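Peer 1: Here is the input, now give the coordinates:
(2 chains)
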Amino acid sequence: METLWLILLVFMIATYVVLDGFDLGIGVLHLILAKNRSEQKQIMQSIAPLWDGNEVWLIAAGGTMMMAFPGFMSAMFSGFYLPLTMVVWLLIFRAISIELPHFLEDSLWIHFWNMMLFVSSGLLVIILGAAMANVFRGVPLNAEGDFFEPLWTNFRIGKQTGILDWFTILGGITSAVILLHHGALWLIAKTDGAIHQRAQTSANWLWGGSVLLTLIMFTACYLVQPHAQASFSDHPWIWILPILACLALGGTLLLRRLNRPMFAFLSSVGFIYLFIFGGTAALYPNLLPGLNPEHHLTIYNTSPSPEKLAVTLWWWIPGITLVGVYFTILFRSLPKVISAAATDDH
Amino acid sequence: MLDSLLLHRVQFAFTASFHYLFPQLTMGLALLIFILKTLGLRGHAWADVAARFWLKIFGLTFVMGVVTGIPLEFQFGTNWSQLVKSTGSILGQTLAMEGIFAFFLESAFLYLLIFGEKKLSKKLHWGVSFLLLLGTWLSGYFIICTNAFLQHPVGYRIDENGVYHLTSIWALLSNPWALKQYLHTMTGAVITGSFTMSSIAAYHLLKREHVEISRKYLKVAVIVGFTASLIAVMPTGDWEAKQVLKHQPVKFAAMEGHFHTEDGAGMVLIGQPNLDELKIDNPIIIPNVLSFLTYASWNAEVKGLTAYDRDLWPDNIELLYFSYHIMAGLGTIFIALMGLSMVFTLKQRLHTTRWLLWLLMLSLPFPFIANTAGWFTAEIGRQPWLIYGLMKTADGASRNISEGNVMFTLLGFLGLYLLLSVLYFFLATRLIAHGPDRLPQVDAEIATGEGT
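Peer 2: Purely as a prediction, here's the structure:
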């Protein structure tokens, strides 16, 4: 039962990354790709109706985490107190940067919010990766399952970890490049004209960066976390996940060349899911490894009664099915392709 | 440790109170917009125009509600990690339900409501406004359920490690505390929505702008506002007070400013609690009324604060007492003001009675104050308990975070929310100044001279 909830929780977190990932990526790209206000609007219209729903996955994942693995949430949120509070601030800034500009048609006002969107989205895509790398690397948990980490110490992995070290910074850069690529693929599928062309060009570069950083990151993950090495040698089938992930990443380029932009985007969706599930499988059954293996937080010691978790499925499964219906309605209600000329409607 | 606890409390109180300024307006407006859309569906063209105008203000307020709501879920984990560790599997149920059943509904359909008017049929657009109402009100219910578990825990079992286990999800969702508190809180939200609407209508009428449409939706706002003001006191306020008396008698005595047990207790209308001498300074007290309101008997005995162990007294009785009295006093004024407006509406003279329009316009902030004071009463009154009778507040806070770190984030939130307030006021006043669109040229009702 705990394993099932782990899969459901990771599914929700990965869905958040997949969905908010593209609008965060576009939050960075928009400043680089758009040359005038109507192109700007064209780009923003491809995400404006969606970002809020995408972000709800984070909130719903938080609730699910609290419900299924309260011990994990308690340790992680208080241990990463500072970075998580800053994430909240960035989420606030990003949300208002998307929603407020159109209230006032003033060039200075709009330019300010565009800059804010660029900065907050950029920091968020980096932090998202750094956070995952922190969880993967492990933290100095004590016997009560608590820890507190400073933002940085000496940027090395060892006894005195900080939230930022070479491994987590690498994680942050990798995630930024992957999500920018993800965002570019969404733009290629949803826009036409000059923005479509420029997104193609940047996707070429970002694809190369994603391949390179993914390979480096896989290797680093394997080296940094001893538990992962053990998992891969004890259960060789786990290798399927990173291998499929690499194929999906290759698929994004191939499908783009075959002029199937929406499938290229979906291939990138698959890549991100496989990447995250691969990491989870490598850690299993740990949720948050400690530096001392005796203090690992696992799915078993952070979760209350398994029989209650089974009962919860009775409302959880219909609930998520309903969410699937809403998202289908919402995504279908959007125009297939957004043209720069059509942006003055709203 | 004590100071860091205080900072955790101040931070949560501040972010939660600031947040609640927005959802109380959106929950109230969701109902009013739904009413306007219903009128629109029945052929009143002005109602569709008014709904469009209010939807703009709804949209702006909704964004603020969303962004200020995100920190709260995080803070359970960051600031109240010990609470999450022991009760997360229970509190997480309602929080996850809020995300899954309410937030997704709202986020998916708000867009369709704002941008779908041209694309959807009239009936479908009306249906979307109903779904949005459903989403916002469901969201409120799940949050009240979460709070109700802290106020009046039900459906749980505690194991030998002090970890709480849910024994019945049904009990959690049908907590009698939640049902009553929900009705009282939601009428409060409707009051905020209708006062805001009538205040803006009064503003336009006083400026002699958008007169036709403003007088029409003002009527809707006054009818809804009067009804909600009545329901807030009777029966929901009465239910809520009686349930506090039954389950949290210390809170009840403290909020009434009732220090000593007595038969035929009087109700304190005005006065300042004096905790050194355990009395009310400068009192105006109506004799026997407290006994009557609580036990329906003029001479019933009502227990005072001194009947309880001093360790169980809330740590800020003065603020608790004033919060409750501000809420109750404003509630009375709301009934009077909306009642008066009702009379003038029935006489079809409200839109020309300038002194009353002035009162309505200036009343804008008071429902927000009353609702905030209501929450202060509920939450300060629960002290020193985090989960009433089971877990002290001091045992629920995170243990591994230094005072400096909490101070740092508290200051961050203060600064950020100051910025948000400025932006909100700036943009909301622009929307209000712009006002609703002009009515369609051929408005059937005006043409026939019908309507008020």
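
Peer 1: and the closest residue to chain B within the stretch 151-300 of chain A, what does it touch?
Peer 2: At 10.6 Å from chain B, residue A:151 is the closest residue in the stretch 151-300 of chain A, using C-beta to the nearest C-beta. For glycine as for every other residue, the C-beta is placed from the backbone atoms N, C-alpha and C. Taking C-beta atoms under 8 Å, 6 or more residues apart in numbering or on different chains as the criterion, residue A:151 is in contact with A:82-83, A:162-164.

Peer 1: remind me which residues of the chain are low pLDDT?
Peer 2: No chain was given, so I picked chain A. Counting by pLDDT under 70, the ranges of chain A that qualify are A:341-346.

Peer 1: ah, I was thinking of chain B
Peer 2: Those would be B:1-2, B:440-452, if you go by pLDDT under 70 across chain B.

Peer 1: How about residue A:23, nearest residue that isn't a chain neighbour?
Peer 2: In space, and not counting its chain neighbours, residue A:23 is closest to residue A:47: 4.1 Å by C-beta to C-beta, 6 or more residues apart in numbering or on different chains.

Peer 1: SS state for the one you found?
Peer 2: For residue A:47, the secondary-structure state derived from DSSP: H, G, I helix; E, B strand; the rest coil is coil.

Peer 1: What distance do you get for residue B:293 to residue B:241?
Peer 2: As for residue B:293, its distance to residue B:241 is 8 Å (criterion: C-beta to C-beta, to the nearest Å).

Peer 1: So which of these two has more stuff around it?
Peer 2: residue B:241 (20 against 17; other C-beta atoms under 10 Å in any protein chain shown).

Peer 1: what sits against the more buried one?
Peer 2: Here residue B:241 is in contact with B:252, B:293-294 (criterion: C-beta under 8 Å, 6+ apart).

Peer 1: Could you pull up the contacting residues of the residue nearest to residue A:23?
Peer 2: A:22-23, A:26-27, A:98, A:186.

Peer 1: Ok, residue B:113 next?
Peer 2: B:55, B:125, B:128-129, B:132.

Peer 1: Which parts of chain A are strands?
Peer 2: For chain A, the strands defined by DSSP state E occupy A:286-288, A:297-298.

Peer 1: Just give me the neighbour total for residue B:204.
Peer 2: 22.

Peer 1: In three-state terms, how would it be classified?
Peer 2: Residue B:204 - assigned by three-state DSSP - is helix.

Peer 1: so it touches residue B:215, yeah?
Peer 2: No: judged on C-beta atoms under 8 Å, residue B:204 makes no contact with residue B:215 at a distance of 9.1 Å.

Peer 1: How are the helices of the stretch 251-400 of chain B distributed by residue range?
Peer 2: B:289-295, B:317-346, B:354-362, B:365-382 (DSSP state H, counting those that start in this stretch).

Peer 1: taking these together, which one is wrapped up most tightly?
Peer 2: helix B:365-382 (a mean of 22; mean count of other C-beta atoms under 10 Å in any protein chain shown).

Peer 1: Name the helix or strand for residue B:139, please.
Peer 2: helix B:122-151 (DSSP states H and E).

Peer 1: what's the closest non-adjacent residue to residue B:353?
Peer 2: residue B:344 (5.3 Å).

Peer 1: what number of residues lie near the nearest residue to residue A:270 once chain neighbours are set aside?
Peer 2: Closest residue to residue A:270 apart from its sequence neighbours, by C-beta to C-beta, 6+ apart: residue A:248 at 4.3 Å. By the measure other C-beta under 10 Å, the count of residues near residue A:248 is 19.

Peer 1: same deal with the one 5 residues further on?
Peer 2: The local packing of residue A:253 (other C-beta under 10 Å) involves 17 other residues.

Peer 1: if I pick it, what's in contact with it?
Peer 2: Contacts of residue A:253 (C-beta under 8 Å, 6+ apart): A:207, A:264.

Peer 1: Now do it against residue A:159, distance only.
Peer 2: For residue A:253, the distance to residue A:159 - C-beta to C-beta - is 42 Å.

Peer 1: Residue A:50 now?
Peer 2: Residue A:50 is 44 Å from residue A:159, by C-beta to C-beta.

Peer 1: and if you look at residue B:405?
Peer 2: 22 Å.

Peer 1: Of these two, which one has the most company?
Peer 2: residue B:405 (19 against 8).

Peer 1: quick one: the more buried one and residue A:83 touch, right?
Peer 2: No: taking contacts as C-beta under 8 Å, residue B:405 lies outside contact range of residue A:83: 11.3 Å.

Peer 1: For the stretch 301-450 of chain B, what lies in contact range of chain A?
Peer 2: Within the stretch 301-450 of chain B, the positions near chain A by C-beta under 8 Å from any C-beta of the partner chain are B:398-402, B:405, B:408-409, B:412, B:416, B:420, B:423, B:427, B:430-431.

Peer 1: so who does residue B:151 touch?
Peer 2: Contacts of residue B:151 by C-beta under 8 Å, 6+ apart are B:177, B:181, B:247-248, B:378, B:382, B:388.

Peer 1: Counting neighbours, which of these end up buried?
Peer 2: B:177, B:181, B:248, B:378, B:382, B:388 (16 or more other C-beta atoms under 10 Å in any protein chain shown).

Peer 1: and which of the residues you listed is nearest residue A:134?
Peer 2: Nearest to residue A:134 among the buried ones among the contacts of residue B:151, counting by C-beta to C-beta, is residue B:382 at 35.4 Å.
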